[in-house]
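Undergrad: Following is a predicted model, sequence given first.
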Amino acid sequence: MRNRRYWLGALALTASGAVCADQALTMEELDRRLASLEESSASSAASSVSDRISINGFITYGVTRHNVHQNQGPGGPGPLANPSAGEPFFYRERTTDDISHRELSRVGVQINAEINERTKAVMQILARGRDNYDAEAQWAYIDYAITPSLHWRGGRLMLPNSMHSQYLNVGYAYHWAALPSEVYDIVPFDTMDGMDLTWSFRTGNISHDLSAFYGSLDVPDNTLPFTVVYEGRNYTGINLRSRWNDFSTWLSYSHSELSADLSAGGLASASLDGVPIHGNSVGVQYDNGSLVFMAERSSLVPHAWFPERWGGYVTSGYRFGKWMPHVTWGATNSHDNSAVFSSGNPVNASLTQANMVRSKSWTLGLRYDIAPGVDVKLEAQQFYDMSNDKLLETGSNVNGMFTTSTSAGAIERDDPTVYRITVDAVF
């Protein structure tokens, strides 16, 4: 093996002009020069790899607490009995009145690999505190540039349902500690397996990104006594983002066919088979570097037992130096699904009640940029107007974002408030 390496090294050095007829090399000198060549080759290969692969990431540590405690409610036997009396309320079905260090905490790492001039691979691994930091592939797709202005992507993609969908887990990208739940809780999932096609073009001084997408998704639901997997198929849609100077707008429409087998829990009559669902979203944003204004509205229209729901918010903030105070008003509501209640099917009516929600809120927040790439945020969100006569007549949820139990009774506080503190970083 040593002789083979010697002759290969001699040939390499001779070809490069390092060996002449009148110059003799010792075996040790040849080994030294050959090792130098190997190191140079390895360094060149490593440099080539580093030029083609980039790694970045984000991390958020958050603390959440709300001031809604155990439910008292009516007790005793008979129709006034409350089986949920004495149980704690939950915010968004996850956070109790104890301090939570996991609800908002998360970390993500993104790898971008350039395969050739037109093709790249992108993978993002995300671990959420609320999921016990179990890592999952949030993004995993191939991006191919058909032309400089037309890109195709295929694999696992973020659902482009809302204005901030593409970076909803990157807390540093927006001024809230948490995105407004009135809009970003309407669809309880954020990824799909499929593909999209994006065309970037201009009309005068306005730039546009027009995207069409197609895919599927499976969403497990553990809120029932048994696990249900909702299958969304033929998930198709289109969205348009436009920019002009400091203004940007967002328009989105989607359609899907939803199926779910609920027979395992004796709820066969509520099973879904290719039920059509439509979603839409519209948003506007103004940001001149100091003044920020945003407004967004989304809705989900299912043709099934769960009710139509819409949500929206308006927010404004002002940056001065490293500080940014901001205020947000949000609202969400479910439309009464009269057809379900009049159908005489108690199972479907009960599921409809459990999924109806109404609330409004004011959020006051403050963002402080500690250093480039690092911020800290403080936020208080107070909810109100979580019921009305129309919802009460159907026995629907009257606790807004705090519980989905139809037997929990109404929240006794007039000002249920959620407090948040987060630290965000990008790297």
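TA: Noted; the coordinates are in hand. For clarity, every value in this text was computed on a predicted model and none was experimentally measured.
Undergrad: Would you mind listing the residues in contact with residue 215?
TA: 157, 192, 193, 194, 195, 235 (CB atoms under 8 Å, 6 or more residues apart in numbering). The C-beta positions use only the backbone N, C-alpha and C, and glycine is treated the same way.
Undergrad: Hmm, residue 237 is touching residue 277, no?
TA: No: using CB atoms under 8 Å, residue 237 makes no contact with residue 277, being 11.1 Å away.
Undergrad: So for these two, which residues contact both of them?
TA: Shared contacts of residue 237 and residue 277, defined by CB under 8 Å, 6+ apart, comprise residue 255.
Undergrad: Buried ones among the contacts of residue 215?
TA: 157, 192, 194, 195, 235 (16 or more other CB atoms under 10 Å).
Undergrad: quick one: pLDDT of the fourth one?
TA: By that I understand residue 195. On pLDDT, residue 195 comes in at 98.
Undergrad: coming back round to it: make JSON lines out of the contacts of residue 215 and add secondary structure.
TA: Shown next, in JSON lines, are the contacts of residue 215 (DSSP: H, G, I helix; E, B strand; the rest coil):
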{"residue": "157", "secondary structure": "strand"}
{"residue": "192", "secondary structure": "strand"}
{"residue": "193", "secondary structure": "strand"}
{"residue": "194", "secondary structure": "strand"}
{"residue": "195", "secondary structure": "strand"}
{"residue": "235", "secondary structure": "strand"}
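Undergrad: residue closest to the middle of the protein?
TA: The C-alpha lying nearest the average C-alpha coordinate of the chain belongs to residue 168 (CA atoms, centre = their mean; 4.4 Å).
Undergrad: For it, which residues are in contact?
TA: 158, 162, 179, 184, 190.
Undergrad: again, but for residue 57
TA: 107, 108, 109, 110, 426, 427.
Undergrad: ok, and the closest non-adjacent residue to residue 236?
TA: residue 214 (5.0 Å; CB to CB, 6 or more residues apart in numbering).
Undergrad: A helix includes the one you found, no?
TA: No: under three-state DSSP, residue 214 sits outside any helix and is assigned strand.
Undergrad: Can you report how many residues neighbour it?
TA: 13 (other CB atoms under 10 Å).
Undergrad: Considering only helices and strands, which part of this structure has the lowest mean pLDDT?
TA: Ranking every helix and strand in the chain by mean pLDDT, DSSP states H and E puts helix 2-15 at the bottom, with a mean of 38.
Undergrad: Now do the residue nearest to the centre of the chain, the pLDDT please.
TA: 91.
Undergrad: Now the phi/psi pair for it, please.
TA: Main-chain torsions, residue 168, degrees, to the nearest 10: phi -70, psi -20.
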